[in-house]
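**Student:** everything below, folded, please.
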Amino acid sequence: MAAYIGYLLLAGLQIPLFRSKNNIENNHFNKKAYLRLCCLELIILAGVRGYTIGADTAVYLDALDYYNGLSLREVFTAELVWMFDFEWGYFTLTKLCAWAKMGKTVFLFVIAIIIYVPIFVSIKKYSAIPYISILCYFAFGMFSYSLGIFRQMIAISILLCGWNYIVERKFWRYAALVGVATLFHTTAVLAILLYALYGIKWERVIWFVLGLEFVLLLYGRNIIDLIIYLFPQYAGYIGSEFDLQGGSYAMLILLNIILFTSAHFSDKDNTQERMTICALTLAVLLQTIGYSMGIFGRVVPYFSIYTMFAIPNIVEKSNEKWKNLVTLTMVLILFALVYLQFNDNEYVTPYYTIFRNNQLEFLRKMVY
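**Tutor:** A predicted model of the protein is given here:
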């Protein structure tokens with residue numbers, strides 16, 4: 001966990017390096033340069049990690065090894081095999097990397113670049129306080145997901161690129177982008193809901209959310225059954241270890257607090273705030289359905305990632321007199337959530353680097 005906390009502390013401590021006085025502003029902040037450095041540091045952190053860090057990292061690296069073992073001609077004609085049942089987009093990406101004879105570490109760097117660059121570009125465009133956005137990315141589990149759930153996190157990063165298409169009501173362009181995202185993870189099709197909800201005046205529906213949550217808690221399983229019927233490829237989850245019901249309601253409560261606080265402070269004519277409220281509304285509703293089947297909760301990040309923009313907005317709109325205290329309090333709360341996110345998380349802790357992998361391989365050869 002120390003490596004992850006260390007990254008966040010470094011991201012905070014280097015903020016003064018990007019502040020400078022000029023004739024225009026008394027305390028100018030070079031947001032672009034700051035985020036470029038933070039993005040580069042995060043790519044390195046993810047790229048040099050050990051090969052067992054991340055929930056499904058081993059499966060993805062095994063797939064790379066499998067296709068690396070084929071001849072160049074066989075790589076492009078190879079079919080999907082069991083255990084590597086990926087969507088066409090990710091399958092093609094894996095085969096391209098195998099064709100280039102990429103090693104595992106280079107492959108992890110490629111995945112990190114694809115995931116994190118759109119994230120940091122979005123933070124630059126839409127976040128009022130970049131550092132708090134980075135903290136949110138860690139605190140709400142997005143970063144730990146990105147270390148092992150490659151396909152979905154690539155899809156999420158692709159969808160963030162469609163922000164303007166939603167605001168400008170360019171449906172076909174957004175639909176095309178969603179189509180690209182589904183090539184990496186089928187569930188990305190749910191992003192169409194955000195386009196639809198953004199077209200409705202959120203202030204007319206926001207106060208019905210609590211009642212709708214209650215209904216979904218009661219009848220969520222029926223909705224799950226309908227979804228499985230429409231997407232039979234997920235039928236295998238029924239009755240499996242992922243078919244869990246119930247669980248902690250802490251995340252649902254937290255998302256509700258963020259949603260309704262955002263709604264309270266929002267300017268209805270602000271497109272950025274409207275987008276975050278619509279996304280968080282969907283996150284709350286999908287989180288509620290997730291209590292009827294645990295694996296369904298994995299679709300929540302498509303919309304809960306907008307906490308990266310909602311929480312900085314809340315802090316920015318706080319009373320000027322108390323803003324420093326509110327900022328400090330929020331940073332401490334987010335660090336506490338980061339600790340809870342990584343503590344005893346066997347998928348991503350302990351963190352170790354490729355250099356340890358090489359040492360272990362050297363010792364293994366010495367022994368055997």
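**Student:** tell me which residues in the helix or strand harbouring residue 114 are buried?
**Tutor:** For residue 114, the host element (DSSP states H and E) is helix 104-126. When neighbours are counted by 16 or more other Cβ atoms under 10 Å, the buried residues of helix 104-126 are found to be 104-105, 107-112, 114-116, 118-124, 126. In this view, the C-beta of every residue, glycine as well, is placed from N, C-alpha and C.
**Student:** residue 303 contacts residue 279, correct?
**Tutor:** Yes. Residue 303 sits in contact with residue 279 when judged by Cβ atoms under 8 Å, with a separation of 4.4 Å.
**Student:** what residues are shared contacts of the two?
**Tutor:** Shared contacts of residue 303 and residue 279, defined by Cβ atoms under 8 Å, 6 or more residues apart in numbering, comprise residue 194.
**Student:** need the helix or strand of this structure with the lowest average pLDDT.
**Tutor:** The helix or strand of the chain with the poorest confidence is helix 354-367; it has a mean of 57 (mean pLDDT, DSSP states H and E).
**Student:** mind giving me the packing neighbours of the helix or strand harbouring residue 143?
**Tutor:** Following DSSP H and E, one finds residue 143 within helix 142-146. Where contact means 3 or more Cβ pairs under 8 Å, 6 or more residues apart in numbering; DSSP states H and E, helix 142-146 is packed against helix 104-126, helix 130-139, helix 150-160.
**Student:** identify all contacting residues around that helix.
**Tutor:** In contact with helix 142-146 (Cβ under 8 Å, 6+ apart) are residues 4, 42, 46, 55, 112, 115-116, 136-138, 152-153, 156, 301, 305, 341-342, 345, 347-348.
**Student:** one more pass at 7 Å, please.
**Tutor:** Contact with helix 142-146 is made by 115, 137, 153, 301, 305, 341-342, 345, 347-348, as judged by Cβ atoms under 7 Å, 6 or more residues apart in numbering.
**Student:** likewise stretch 80-92?
**Tutor:** Outside stretch 80-92, the residues that reach it (Cβ under 7 Å, 6+ apart) are 59, 63, 66, 94, 151, 183-186.
**Student:** and the residues you listed, which are buried?
**Tutor:** 63, 94, 151, 183-186.
**Student:** now render these as TSV, adding pLDDT and secondary structure.
**Tutor:** Output for those, formatted as TSV (pLDDT from 0 to 100; DSSP: H, G, I helix; E, B strand; the rest coil):
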residue	pLDDT	secondary structure
63	92	helix
94	93	helix
151	96	helix
183	96	coil
184	96	coil
185	95	coil
186	91	helix
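**Student:** need those in a markdown table (columns: distance to residue 80).
**Tutor:** Listed next are the buried ones among the contacts of stretch 80-92 as a markdown table, based on distance: Cβ to Cβ, whole Å:
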| residue | distance to residue 80 |
| --- | --- |
| 63 | 9 |
| 94 | 10 |
| 151 | 13 |
| 183 | 14 |
| 184 | 14 |
| 185 | 15 |
| 186 | 14 |
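**Student:** mind jotting down where the strands sit in this protein?
**Tutor:** Assigned strands in the chain, in chain order: 19-20, 28-29 (criterion: DSSP state E).
**Student:** so how far is the last one from its chain's centroid?
**Tutor:** Computed by Cα atoms, centre = their mean, to the nearest Å, the separation of strand 28-29 from the middle of its chain amounts to 28 Å.
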